[in-house]
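Chemist: one predicted model, sequence on top.
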Amino acid sequence: MEAIVLGGGRNTGALKSVDPTPYEAGIRINNRPMVEYIIDVLAAMEEIQRVWVVIPQGIIAPQKWAKVETVVPGEKMLDSLVRAVQHTQTDDHVLVAASDIPFITKAAVRDFLDRCQRRSADVYYSYVPKTAVRQKYPSTKRTYVRLKEGVVTGGNILLVRPKLVLEFRNRIEQAIALRKQPLKLCRLLGLGFMAKLLIGQLSVDEIEARVRTIFNVQGAGIRSLYPEIGVDVDKPSDLFLARALLEKDQAGGW
């Protein structure tokens, strides 16, 4: 399959206070742009034949990887995603990954893909139990939501058919804008869902059914026990953690 890495986001949030690099994908972790950790994993996987990296020029040298090609980012995340899917040469699912998940591993991605293959859907979205995150990364702080299945955080990889990105562009833009605000995001599915979410009684099956009813799209929530999927770098404490742990990893101590 083909993969997309979204690395066009400007560094205008909390991370700017500790690293003034203009784009988040270019923030240095042990003297490497953060996005390279994600590219290394995807480019080394036999299952992936091409990796489209949406990123400004000068942050990476794409010739380092035989499978990598770059795409000029748009003004917004969705604009960048649309540009990338327009470059893909398949009607089948593409893997989409954020550029700020430097802990990601081939095992985590393969586990997600394997779980996706067990179901038939148009879009697959990953989520990770809080217990799995806290067990491996106890100091990290994430946005969690309490579902009927337990307390979870959203993952940073998904599978989607390219045509859906183009067809549901407006709705996707709303979801992206609210991705860190579960209650507001739930409003897109109806007030009844928000009430159930507040009392922790909303299930993944109900969310999937509602998405199917509203959009006529089969969605699948994919539970992953790999916290690397759910831990991104979006604040200074995350960056300090990544620098510390990945330095140990490179030294053979992690």
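Modeler: The structure has been received and is ready for your questions.
Chemist: any idea where the strands of the stretch 51-200 of the chain begin and end?
Modeler: Secondary structure of the stretch 51-200 of the chain (DSSP state E, counting those that start in this stretch): strands located at 68-71, 94-98, 123-129, 145-147, 150-160.
Chemist: tell me where the stretch 151-254 of the chain has helices.
Modeler: 162-167, 169-177, 182-187, 191-198, 204-215, 236-250 (DSSP state H, counting those that start in this stretch).
Chemist: coming back round to it: mind checking which of the strands of the stretch 51-200 of the chain is nearest P33?
Modeler: Closest approach to P33 among the strands of the stretch 51-200 of the chain is made by strand 68-71 (12.7 Å; C-beta to C-beta). Placement of C-beta: from N, CA and C, glycine included.
Chemist: so how far is that closest one off the chain centroid?
Modeler: Relative to its parent chain, strand 68-71 has a centroid offset of 18 Å by C-alpha atoms, centre = their mean, to the nearest Å.
Chemist: show me what counts as buried in that strand.
Modeler: V68, T70, V71 (16 or more other C-beta atoms under 10 Å).
Chemist: show me the contacts for the residue most central in space within the chain.
Modeler: Closest to where the C-alpha atoms of the chain average out (C-alpha atoms, centre = their mean) is N156, at 1.9 Å. By C-beta atoms under 8 Å, 6 or more residues apart in numbering, the contact list for N156 reads A97, A98, D100, I101, S126, I229, G230, D232.
Chemist: quick one: the residues you listed as a markdown table, columns for pLDDT and distance to G58 too.
Modeler: Converted to a markdown table, the contacts of N156 look like this (pLDDT from 0 to 100; distance: C-beta to C-beta, whole Å):
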| residue | pLDDT | distance to G58 |
| --- | --- | --- |
| A97 | 97 | 21 |
| A98 | 95 | 20 |
| D100 | 96 | 18 |
| I101 | 97 | 22 |
| S126 | 95 | 31 |
| I229 | 96 | 28 |
| G230 | 95 | 30 |
| D232 | 95 | 23 |
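Chemist: now the buried members of those residues.
Modeler: Buried members of the contacts of N156, counted by 16+ other C-beta under 10 Å: A97, A98, D100, I101, S126, I229, G230, D232.
Chemist: leaving out sequence neighbours, find the closest residue to the first one.
Modeler: Leaving aside its sequence neighbours, A97 sits nearest to I157 (C-beta to C-beta, 6 or more residues apart in numbering; 4.7 Å).
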